[in-house]
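> Based on what follows, work out the 3D shape:
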Amino acid sequence: MKNSEILTVAKRVVTEEVKALLVLSGTLDDVFSAAVLKIHERKGRVVLTGVGKSSHIAQKIASTLASTGTPALFVHPTEASHGDLGMIQDNDTLIALSRSGESSELKDILVYCKLNLIPIVAITAVVDSALAKRSDFVLRLPEHEEAWSLGLAPTTSSIMMLAVGDALAVAFLELKKFTKNDFKLFHPAGKLGLNLLKVSDLMHVGEELPIVCGDTTLSDAILEMTRCRFGCVGITNDYGHLIGIFTDGDLRRNLGSVELTKPISSLMVRNPALLDPDAYMADAAQTLRNRRIPSAFICEADKPIGILHIHDLLQRGFL
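Prediction:
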């Protein structure tokens, strides 16, 4: 095949899948809403199951649900028949995926759920299939040709299953009013978790803060700057409000021209860059980068409560 022919095939596949998703969007109805409300009402876990390609889609949906605050797990129907049915609890809900709805491997897990009054949600393309008949809610996939010309390998049907799963996950998280902070709890590592860290999560506080009063001498300010090792000191007024900053760069620029007994307030830089404790670390990193500064104080009501240094960002991979 020529490059142009390969690209034609690729574009045809993507186009067909887009068409399938648009058709799917128009077929979602009150059954979908009822299934979402039933699962939300149950308060248990969502158990996903499926065979073949559907099993891989089911595992991804389970992962998405769990990562967005809806407890979920995948149970393979074959393993379920050999003891894993014990993983399904009374308050759980089963979501079974099968395009044809006739996967024989699903029989035991469906019977078990029926006997134990566990609601079953089917994601299938055939409404009169064995799976659909045993289910309490049928989320029907619209008829649409697979992207492969022979129509054998699941393509459009798989992407529609995945989209239904994503729609369920988002519906649940909005029902629960799931927030960025909630998301951070489930993603403490990796880039997603890092981007959701706040300045207050990493800032240095208490005795680590390099703070002096405005009438402190330059020599004492240097000692404080050396003690805390952030390369700066914050200067406060009589009310504890941050009024300026003095850095090791300022010290180098003034060496030889000032006396060590001079008050630091006469040398400080006024209106220093400040960070909000509730700002996300990604935004804080951008502030330090744009201002070309190695550190910044965090204030509440103009009073310094913390400091963030560029090393904190480097250690976490923000820079």
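
> Would you mind confirming that Asp248 makes contact with Gly231?
Yes. At 4.6 Å, Asp248 counts as touching Gly231 under the criterion of CB atoms under 8 Å. Any C-beta I mention is one placed from the backbone N, CA and C, and that applies to glycine too.

> more crowded one of these two?
Gly231 (18 against 15; other CB atoms under 10 Å).

> how much space is there between the more buried one and Ile123?
58 Å (CB to CB, to the nearest Å).

> All the strands of the stretch 201-319 of the chain, residue numbers only.
Assigned by DSSP state E, counting those that start in this stretch, the strands in the stretch 201-319 of the chain fall at 211-213, 232-236, 242-247, 269-270, 274-275, 295-300, 303-309.

> Please apply the same query to the stretch 1-150 of the chain.
Using DSSP E, counting those that start in this stretch, strands in the stretch 1-150 of the chain cover 46-50, 72-74, 93-97, 120-124, 137-140.

> Neighbouring strands - and their directions - for the last one?
Here strand 137-140 is paired, per DSSP bridges, with strand 120-124 (parallel).

> ok, residues contacting the partner strand?
Contact partners of strand 120-124, identified using CB atoms under 8 Å, 6 or more residues apart in numbering, comprise 35, 38-39, 93-101, 110, 113-114, 131-132, 134-141, 161, 164-165.

> give me that answer again for 6 Å
Residues outside strand 120-124 that contact it (CB atoms under 6 Å, 6 or more residues apart in numbering) are 35, 94-98, 101, 113, 131-132, 135-139, 161, 164.

> Off-centre distance for it?
The chain centre lies 27 Å from the centre of strand 120-124; the measure is CA atoms, centre = their mean, to the nearest Å.

> Kindly report the same for stretch 91-103.
For stretch 91-103, the distance to the chain centre is 27 Å (CA atoms, centre = their mean).

> how long is that stretch end to end?
25 Å (CA to CA, to the nearest Å).

> okay, now the domains of this protein?
Domain ranges of the chain: 3-178, 199-316, per automatic domain parsing.

> Dump the ones you listed to TSV, plus mean pLDDT.
Shown next, in TSV, are the domains of the chain (pLDDT from 0 to 100):
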stretch	mean pLDDT
domain 3-178	92
domain 199-316	90
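
> what does stretch 243-260 rub up against?
Against stretch 243-260 from outside (CB under 6 Å, 6+ apart): 218-219, 231-235, 237, 264, 267-270, 272.

> these two touch, right, Glu146 and Thr155?
Yes. Counting by CB atoms under 6 Å, Glu146 touches Thr155, with 4.8 Å between them.

> in the sheet, who's paired with Glu300?
Lys303.

> which ones are touching Ala62?
Shown in contact with Ala62 (CB under 6 Å, 6+ apart): 48, 72-74.

> Also Phe172?
Phe172 sits next to Thr70 when contact means CB under 6 Å, 6+ apart.

> Helix or strand for it, just tell me which one.
helix 156-175 (DSSP states H and E).

> What angle do strand 46-50 and that helix make with each other?
Per axes from the mean of the first three to the mean of the last three CA atoms, to 10 degrees, the angle that helix 156-175 makes with strand 46-50 is 180 degrees.

> Next, the angle strand 93-97 makes with helix 156-175.
Going by the same axes, to 10 degrees, helix 156-175 makes 160 degrees with strand 93-97.

> Helix 156-175: which residues count as buried?
156-165, 167-169, 171-173 (16 or more other CB atoms under 10 Å).

> Put the alpha carbons of it into PDB.
Only the C-alpha atoms of helix 156-175 are listed here, as PDB (Å, rounded to 0.1, in the frame of the first residue of the first chain):
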ATOM      1  CA  THR A 156     -17.000   1.300  16.300                       C
ATOM      2  CA  SER A 157     -18.900  -0.900  18.800                       C
ATOM      3  CA  SER A 158     -15.900  -0.800  21.100                       C
ATOM      4  CA  ILE A 159     -15.500   2.900  21.000                       C
ATOM      5  CA  MET A 160     -19.300   3.300  21.700                       C
ATOM      6  CA  MET A 161     -19.000   1.100  24.700                       C
ATOM      7  CA  LEU A 162     -16.100   3.200  26.000                       C
ATOM      8  CA  ALA A 163     -18.100   6.400  25.400                       C
ATOM      9  CA  VAL A 164     -21.000   5.000  27.400                       C
ATOM     10  CA  GLY A 165     -18.600   4.200  30.200                       C
ATOM     11  CA  ASP A 166     -17.200   7.700  30.100                       C
ATOM     12  CA  ALA A 167     -20.700   9.200  30.100                       C
ATOM     13  CA  LEU A 168     -21.500   7.100  33.200                       C
ATOM     14  CA  ALA A 169     -18.400   8.200  35.000                       C
ATOM     15  CA  VAL A 170     -18.900  11.900  34.400                       C
ATOM     16  CA  ALA A 171     -22.600  11.600  35.400                       C
ATOM     17  CA  PHE A 172     -21.600  10.000  38.700                       C
ATOM     18  CA  LEU A 173     -18.900  12.600  39.500                       C
ATOM     19  CA  GLU A 174     -21.300  15.400  38.800                       C
ATOM     20  CA  LEU A 175     -24.000  13.800  40.900                       C
END
